[in-house]
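S.K.: Make a model of this:
(chains A and B, ligands or ions: 2)
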Amino acid sequence: MEKTIEEINEKIKAGKAVVVTAEEIIGIAKEKGLKETAKHVDVVTTGTFGTMCSSSVYFNLGHASPRIKLGGGKATLNGVPAYCGFAAVDLMIGANALPDDDPRNRIHPGEFRYGGGHVIEDLVAGKTLHLSAQAYGTDCYPRKSIETDLTIDDLNEVVLFNMRNAYQNYNVATNSTDKTIYTYLGMLKPHYGNACYSSAGQLSPLLNDPYYKTIGIGTRIFLGGGIGYVAWNGTQHNPCVPRNEKGVPTGGAGTLAVIGDLKQMSQQYLRGVSALGYGTSLAVGIGVPIPILNEEILEYTTVTDADISAAVIDYGTNYPANRPAPPVTNVTYAELKSGEITIEGKKVKTSPMSSYVKAKEVAETLKSWINEGKFELSVPSAPLPGAESGIQMKALKERR
Amino acid sequence: MNSHRIVLHFSNDVTNQPIIYTLCQKYNLICSIIKASIEPNQEGYVALEISGEDKNYDQALEYLKEMKIRVEDFKRRIIRNEEKCTDCGACVGFCPTGALAIDIDTRKISFNDSKCVACSLCTRACPFKAMQTNF
Ligand code: SF4
Ligand code: SF4
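M.R.: Ligands and ions are numbered 1, 2, ... in the order given. Have a look, this model is predicted:
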């Protein structure tokens, strides 16, 4: 029996939709069987909360009197440089941006106490930020500098835009060398001293809809505690990686570009990150609802941590060199979450980099929004490029 | 026999005194040093795990008071800011003693300060600056 998104929305409006999280669906389908469950359950909510380095915010300052044109000029917020490549008063700030005077990794590992991710968190938290900007001055925009304090409420549009996140599966990092290294997946001790992983596994959005049968451009989602949308496929969207019999890609595959109004979001789901020896970033909570249109779509949502396997990559050698090499080993999320995996016969401790607790909170919150009729599902305007697209990731060719 | 974890704060005029020796000899206490920073004629601290009879421990506290040494509960020196903590788990791999650990069922990160040795590794590792130390 097929359902449509419109039918599910009618049920949501009537307060009759059956909504469960991607964790709960596993047990329900096991107990009732796929056929019964597909009839009974209308929506499965997913969630993830982790460091998403491609996060950015763009905003419109409003015009000053006299006018100033920041396009082609320079601007900082709390000392963190914003991008000034657009028009007069539209600025953009990326999560990894750092103040010019940050010592970075000069004393290794650098601490990266404050950067773009923290600016975004401070904005959403309603804190006062200091804007300092310089321009070259034109006849119509004569002013050459501005210093002022502002909060999110003083700005016109403030939009969170992430060009790549919600990775469908991801590397597990370890380190074979004899030195401790500091990576975006955490500190890695020498001689396979530990391993770090970052996906929410069975709760993760794209692992519950591995062939993008329901998630597409225009899908309404939970974003940073507010409502956002899938804007496009994410950069490095790589749907053609090999998959197992459940459709689960064996490595990093699909990604989403997402967009939403920062003014609706909350600090609870947008947090500045200081990654030792690596840089600043932003941790973002994202949740995608999956309409259970039929048995096949339901079956994908029953994926468990034991079904998801990830490649363990050596961040001491092959990753930084960007050398194609077979993974050190492959492990399942069930193994990773047990706290220990085996690498070359050695027991290696694992630790997560993304919060499963928060991922669950996201999926639960989205579920309650739908139950309360505050959130209806959208019909995607266009699909994401799928496994049939033939997309191949290109490495950078260096010519000179 | 009970054990206590405390931090002694020395002003610059007592750093030359045999305080720890007195605690061991006179009050019959077993003192293991968790962390310390003491230099002659400068302010300093020693974080200690002390075990012994309650009576002796109480007398030792009196002695420390007389010596004008400020005694603080160790627990207050390394704290987790619950609001900032996202339960991500990034600290767990750094913690050498298992004071920070992950609950396999709930995936929540627990902080057991009685196992903490104040190495401060977690304060550097925590991406959200939730682990805070006063050392
Ligand atoms: S690293 Fe920080 S935020 Fe993450 S669990 Fe540990 S204390 Fe909490
Ligand atoms: S200070 Fe050291 S021992 Fe204490 S919780 Fe942090 S990492 Fe563990």
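
S.K.: Report whether stretch B:22-36 contacts ligand 2.
M.R.: No: residues of stretch B:22-36 contacting ligand 2 under Cβ under 6 Å from any ligand atom: none, with a closest distance of 9.0 Å. Glycine gets a C-beta too; all of them are placed from N, C-alpha and C.

S.K.: could you give the mean pLDDT of that stretch?
M.R.: Throughout stretch B:22-36, pLDDT has a mean value of 91.

S.K.: now do stretch A:151-162
M.R.: The model assigns stretch A:151-162 a mean pLDDT of 98.

S.K.: now swap in stretch A:213-229 and tell me
M.R.: Mean per-residue pLDDT for stretch A:213-229: 98.

S.K.: can you check stretch A:232-243 too?
M.R.: Per-residue scores along stretch A:232-243 average to 96.

S.K.: Report the distance from it to the chain centre.
M.R.: In terms of Cα atoms, centre = their mean, to the nearest Å, the centre of stretch A:232-243 is found 14 Å from the chain centre.

S.K.: Tell me which residues of that stretch come out buried.
M.R.: Residues of stretch A:232-243 classed as buried: A:232, A:233, A:234, A:236, A:237, A:238, A:239, A:240, A:241, A:243 (neighbour count, 16 or more other Cβ atoms under 10 Å in any protein chain shown).

S.K.: Could you say which helix or strand holds the residue lying closest to the first one once chain neighbours are set aside?
M.R.: What that stands for is residue A:232. If the residues on either side of it in the chain are set aside, residue A:232 comes closest to residue A:257, at 4.2 Å by Cβ to Cβ, 6 or more residues apart in numbering or on different chains. Residue A:257 belongs to strand A:256-261 when assigned by DSSP states H and E.

S.K.: all helices of the chain, in order?
M.R.: No chain was given, so I picked chain A. Along chain A, counting by DSSP state H, helices occupy A:5-13, A:24-32, A:34-40, A:116-124, A:295-301, A:318-321, A:333-337, A:356-371.

S.K.: you looked at the wrong chain, it should be chain B
M.R.: Under DSSP H, chain B gives helices at B:19-25, B:54-66, B:121-125.

S.K.: Just send those back as CSV, with mean neighbour count too.
M.R.: Converted to CSV, the helices of chain B look like this (neighbours: other Cβ atoms under 10 Å in any protein chain shown):
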stretch, mean neighbour count
helix B:19-25, 16
helix B:54-66, 14
helix B:121-125, 20
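
S.K.: Determine which of the ones you listed approaches residue A:301 most closely.
M.R.: Nearest to residue A:301, of all these, is helix B:121-125, at 34.0 Å by Cβ to Cβ.

S.K.: so does that closest one get close to ligand 2?
M.R.: Yes: using Cβ under 6 Å from any ligand atom, helix B:121-125 reaches ligand 2 at B:121, B:122.

S.K.: Figure out how far that helix is from the centre of its chain.
M.R.: Distance, stretch centre to chain centre, for helix B:121-125: 16 Å (Cα atoms, centre = their mean).

S.K.: Let me see the domain layout of the chain.
M.R.: Defaulting to chain A. Split into domains by automatic domain parsing, chain A comes to A:5-52+A:161-399, A:62-155.

S.K.: Actually, chain B is the one I wanted.
M.R.: Chain B breaks down by automatic domain parsing into domains covering B:2-73, B:77-134.

S.K.: Flag whichever of those has the least confidence on average.
M.R.: It's domain B:2-73: among these, that one has the lowest mean pLDDT, namely a mean of 88.

S.K.: quick one: contacts of the strand holding residue A:257?
M.R.: For strand A:256-261, contacts defined as Cβ atoms under 8 Å, 6 or more residues apart in numbering or on different chains pick out A:157-166, A:205-206, A:215, A:221, A:223-224, A:226-235, A:286, A:384.

S.K.: returning to what we had before: export the domains of chain B as CSV, with columns for distance to ligand 1.
M.R.: What follows is the domains of chain B, written out as CSV (distance: least, Cβ to the nearest ligand atom, whole Å):
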stretch, distance to ligand 1
domain B:2-73, 19
domain B:77-134, 3
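
S.K.: From the centre of chain B, give me the residue that's furthest out.
M.R.: Going by Cα atoms, centre = their mean, the residue of chain B most distant from its centre is residue B:105, 29.4 Å out.

S.K.: Residue numbers of chain B in contact with ligand 2?
M.R.: Contact residues, chain B versus ligand 2 (Cβ under 6 Å from any ligand atom): B:78, B:94-97, B:99-100, B:116-122, B:131.

S.K.: before we move on, what about the stretch 151-300 of chain A?
M.R.: Close to ligand 2, as judged by Cβ under 6 Å from any ligand atom, the stretch 151-300 of chain A has no residues.

S.K.: Identify the residue of the stretch 151-300 of chain A closest to ligand 2, quick one.
M.R.: residue A:187 (11.3 Å; Cβ to the nearest ligand atom).

S.K.: Just the pLDDT for that residue.
M.R.: For residue A:187, the pLDDT comes out at 91.

S.K.: Please apply the same query to residue A:19.
M.R.: 98.

S.K.: Could you do residue B:135 as well?
M.R.: Confidence score, pLDDT, at residue B:135: 69.

S.K.: need the contact list for the spatially closest residue to residue B:81 that is not a sequence neighbour.
M.R.: Excluding the flanking residues, the one nearest residue B:81 by Cβ to Cβ, 6+ apart is residue B:130, at 4.9 Å. Residue B:130 sits next to B:80, B:81, B:82, B:84, B:85, B:86 when contact means Cβ under 8 Å, 6+ apart.

S.K.: how many neighbours does the second one have?
M.R.: Other residues within reach of residue B:81 by the criterion other Cβ atoms under 10 Å in any protein chain shown amount to 12.

S.K.: separation between it and residue B:95?
M.R.: Here residue B:81 is placed at a distance of 16 Å from residue B:95 (Cβ to Cβ, to the nearest Å).

S.K.: now swap in the fifth one and tell me
M.R.: Residue B:85 sits 14 Å away from residue B:95, going by Cβ to Cβ.

S.K.: Compare these two and say which one has the larger neighbour count.
M.R.: More crowded of residue B:85 and residue B:95, by other Cβ under 10 Å: residue B:95, with 22 against 19.

S.K.: Which residues lie in contact with that one in this structure?
M.R.: Contacts of residue B:95 by Cβ under 8 Å, 6+ apart are B:101, B:121, B:122.

S.K.: do residue B:64 as well
M.R.: B:8, B:19, B:71.

S.K.: how about 6 Å then?
M.R.: By Cβ atoms under 6 Å, 6 or more residues apart in numbering or on different chains, the residues touching residue B:64 are residue B:71.

S.K.: So it versus ligand 2, what's the distance?
M.R.: Residue B:64 is 24 Å from ligand 2, where distance means Cβ to the nearest ligand atom, to the nearest Å.

S.K.: Do I have it right that residue A:234 meets residue A:164?
M.R.: Yes: contact criterion Cβ atoms under 6 Å: residue A:234 and residue A:164 qualify, at 3.7 Å.

S.K.: which residues are in contact with both of the two?
M.R.: Contacts common to residue A:234 and residue A:164, judged by Cβ under 6 Å, 6+ apart, are residue A:255.

S.K.: Spatially nearest residue to residue A:12, not counting backbone neighbours?
M.R.: Distances taken as Cβ to Cβ, 6+ apart place residue A:376 nearest to residue A:12, at 5.4 Å, with adjacent residues excluded.

S.K.: among the contacts of strand A:256-261, which are in strands?
M.R.: Cross-referencing these against strands under DSSP state E gives A:158-165, A:221, A:223, A:226-233, A:286.

S.K.: At the geometric centre of the chain, which residue sits there?
M.R.: Defaulting to chain A. Among the residues of chain A, the one closest to the centroid is residue A:165, at 3.3 Å (Cα atoms, centre = their mean).

S.K.: Switch to chain B, please.
M.R.: Residue closest to the mean C-alpha point of chain B, counted by Cα atoms, centre = their mean, is residue B:74 at 3.7 Å.

S.K.: Distance check, the closest residue to it other than its chain neighbours against residue A:20.
M.R.: Nearest residue to residue B:74, sequence neighbours excluded (Cβ to Cβ, 6+ apart): residue B:5, at 3.7 Å. Counting by Cβ to Cβ, the separation of residue B:5 from residue A:20 is 45 Å.
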